[in-house]
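Colleague: This is a predicted model, with the sequence first.
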Amino acid sequence: KAGVTQTPRYLIKTRGQQVTLSCSPISGHRSVSWYQQTPGQGLQFLFEYFSETQRNKGNFPGRFSGRQFSNSRSEMNVSTLELGDSALYLCATNGGGGQETQYFGPGTRLLVL
Amino acid sequence: GENVEQHPSTLSVQEGDSAVIKCTYSDSASNYFPWYKQELGKRPQLIIDIRSNVGEKKDQRIAVTLNKTAKHFSLHITETQPEDSAVYFCAALPGGSYIPTFGRGTSLIVHP
């Protein structure tokens, strides 16, 4: 099976702009989670979508939002970008059915200037 | 919610030495503990995991131990090689959850 893919791989934005990132899961995987990775902070959970519904949510402000489509592809959106939003954004998918392993995408590296 | 502490944040060893990374967790309901390896510029990938009904698991040069009573688990890498250099993340999942809580990561540097 093809792995998890994310687009774009790199983005440069300025403060105040908004950005949309995309994640395509492994075929058959219906759960998609998003993480923010910054140096020293590790992997911080943003939210998880399953069957087009947000099932879990981390402690991030409302500027961070997401959605999932019927084909399980997911997007996350960050509005009113701040310098501190510069990070690697990873999505991870899970096959469910007792399979706990998270399969990560390559990430989107976002730089906010 | 679950809280996972990971130590050390950086670990530097000579090739051939052993490396040990330790994690503690807070939620006694957690019953699945995976370890992920992230090489520079690459995605995190699962390298080994352990469930709460097992005390130790080995896979070639890597092993993981779990002490449920003390709520801590450790990753052991023997005969380290330069290609083991990476950031390692531990994680804990409560039963029925698919959302792991990750530690902050350990940067392992293996010097040739």
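Modeller: In hand now; what should we look at?
Colleague: and the gap between the residue lying closest to residue B:95 once chain neighbours are set aside and residue B:69?
Modeller: Using C-beta to C-beta, 6 or more residues apart in numbering or on different chains and skipping residues adjacent in sequence, the residue nearest residue B:95 is residue B:31, 4.8 Å away. C-beta coordinates here come from the backbone N, C-alpha and C atoms, glycine included. Note on residue B:31: its distance to residue B:69, by C-beta to C-beta, to the nearest Å, is 14 Å.
Colleague: Tell me the residues of chain B that contact chain A?
Modeller: In this structure, chain B approaches chain A at residues B:6, B:9, B:32, B:34, B:36, B:42-46, B:49, B:89, B:93, B:98-105, judged by C-beta under 8 Å from any C-beta of the partner chain.
Colleague: among those, which ones are buried?
Modeller: Buried subset of those (neighbour count, 16 or more other C-beta atoms under 10 Å in any protein chain shown): B:6, B:32, B:34, B:36, B:43-44, B:49, B:89, B:93, B:98-105.
Colleague: Report the central residue of chain A.
Modeller: Central residue check for chain A by C-alpha atoms, centre = their mean: the C-alpha nearest the mean position is that of residue A:34, 3.2 Å away.
Colleague: out of everything not next to it in sequence, what's closest to it?
Modeller: Closest to residue A:34 by C-beta to C-beta, 6+ apart is residue A:46, at 4.1 Å.
Colleague: And residue A:71, how far from residue A:39?
Modeller: 34 Å.
Colleague: Then residue A:68?
Modeller: 29 Å.
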